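Q: Turn this into a structure:
(one chain, ligands or ions: 1)
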Amino acid sequence: MALPKTLNEGYRRFLRDRHAPDRGRYIQLAELGQAPTAMVIACCDARIDVSAIFDVEAGELFILRNVANLVPNYEPDGKHHGTSAAIEFAVQELKVPHLIVLGHSNCGGIEAYRQKVRNKVPERGFLGSWLTLLDGLKIVESDGFTYGDETAFELAGVRSSLVKLRNFPFVRKREKAGLLALHGLHFDLASGSLLALNESDGSFASLGGA
Ligand SMILES: [Zn+2]
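A: Predicted structure coming up:
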């Protein structure tokens, strides 16, 4: 099976319009390695284009995407923890100065979890077990949303991921040393608005957008 035509054509445009004119920088990236400004943990959702949201070029962000932008529990048990491995690499090896959890509106993963809680649907497969990371989520009424509102769950998911990040000893250590800053953000697809978590009082405030 051939690649979809749109991807084939897109790749050709990328080579012509972006890679060729910027060849020097790509060669430099290849030779010097990566030194990203931040690691971003975002959702797999096809509509969440992290590089576009922050208007960055290749090499600027170390992006990990998983269903619902979740951080797993710290479980050094020798099993296959993809998200934990990426966090470890970014913090320990790349020594990123910023770690960002980027939630988003209309999140299918969060909605699936909400439906599961509401309808008491038994968890199934990898996805069901992944979403149990949201169990015990604390919904904050002061966000202006009522329990059951999807946005409230999305914001609570971001808060929960930050808490879980701090369960990783190397994250805690670098943050305590002032070498790593943690950030919680929420992007609204329709308006483009970006909310940032203020950890001193737990509230989310707009960084701009409609
Ligand atoms: Zn999502």
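Q: hang on, Asn73 packs against Lys164?
A: Yes - assessed by C-beta atoms under 8 Å, Asn73 is found in contact with Lys164 at 6.3 Å. No exception for glycine: its C-beta is placed from N, CA and C like everyone else's.
Q: of those two, who's got more company?
A: Using other C-beta atoms under 10 Å, the more surrounded residue of Asn73 and Lys164 is Lys164, with 20 against 10.
Q: Let me know the pLDDT of the more buried one.
A: Confidence at Lys164, expressed as pLDDT, is 97.
Q: wouldn't it be in contact with Thr83 here?
A: No - under the criterion of C-beta under 8 Å, Lys164 makes no contact with Thr83, lying 9.9 Å away.
Q: list residues touching both of these two?
A: 70-72 (C-beta atoms under 8 Å, 6 or more residues apart in numbering).
Q: Close to the ion: what parts of this structure are there?
A: Contacts of the chain with the ion, taken as C-beta under 5 Å from the ion, map to 43, 45, 107, 109.
Q: can you list those in a markdown table and add neighbour count?
A: As requested, these are arranged in a markdown table below (neighbours: other C-beta atoms under 10 Å):
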| residue | neighbour count |
| --- | --- |
| Cys43 | 24 |
| Asp45 | 18 |
| Cys107 | 25 |
| Gly109 | 22 |
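Q: re the thing from before, could you tell me which residues touch both of Asn73 and Lys164?
A: Leu133.
Q: ok, and what's touching the longest helix anywhere in the chain?
A: Secondary structure of the chain per DSSP state H: the longest helix is helix 150-165. Outside of helix 150-165, the residues within contact range by C-beta under 8 Å, 6+ apart are 41, 68-74, 87, 99, 101-107, 110-111, 113-114, 133-134, 137-140, 143, 145-146, 171, 182, 184-186, 195, 197, 199, 202, 204.
Q: among the residues you listed, which are in strands?
A: 41, 99, 101-104, 182, 184-186, 195, 197, 204 (DSSP state E).
Q: And the buried ones among these, selectable in ChimeraX?
A: Applied in ChimeraX, the following selects the buried portion of those according to 16 or more other C-beta atoms under 10 Å:
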select :41,99,101,102,103,104,182,184,185,186,195,197,204
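Q: Can you pull the phi/psi pair for Asn106?
A: Phi and psi for Asn106, reported as degrees, to the nearest 10, are phi 60, psi 40.
Q: tell me which residues in the lowest-mean-pLDDT helix or strand in the chain are buried?
A: Within the chain, no helix or strand scores below helix 108-119, which has a mean of 86 by mean pLDDT, DSSP states H and E. By neighbour count on 16+ other C-beta under 10 Å, the buried set for helix 108-119 is 109-110, 112-114, 116.
Q: Then stretch 77-97?
A: 81, 83-84, 86-87, 90-91, 96.
Q: Thank you, goodbye.
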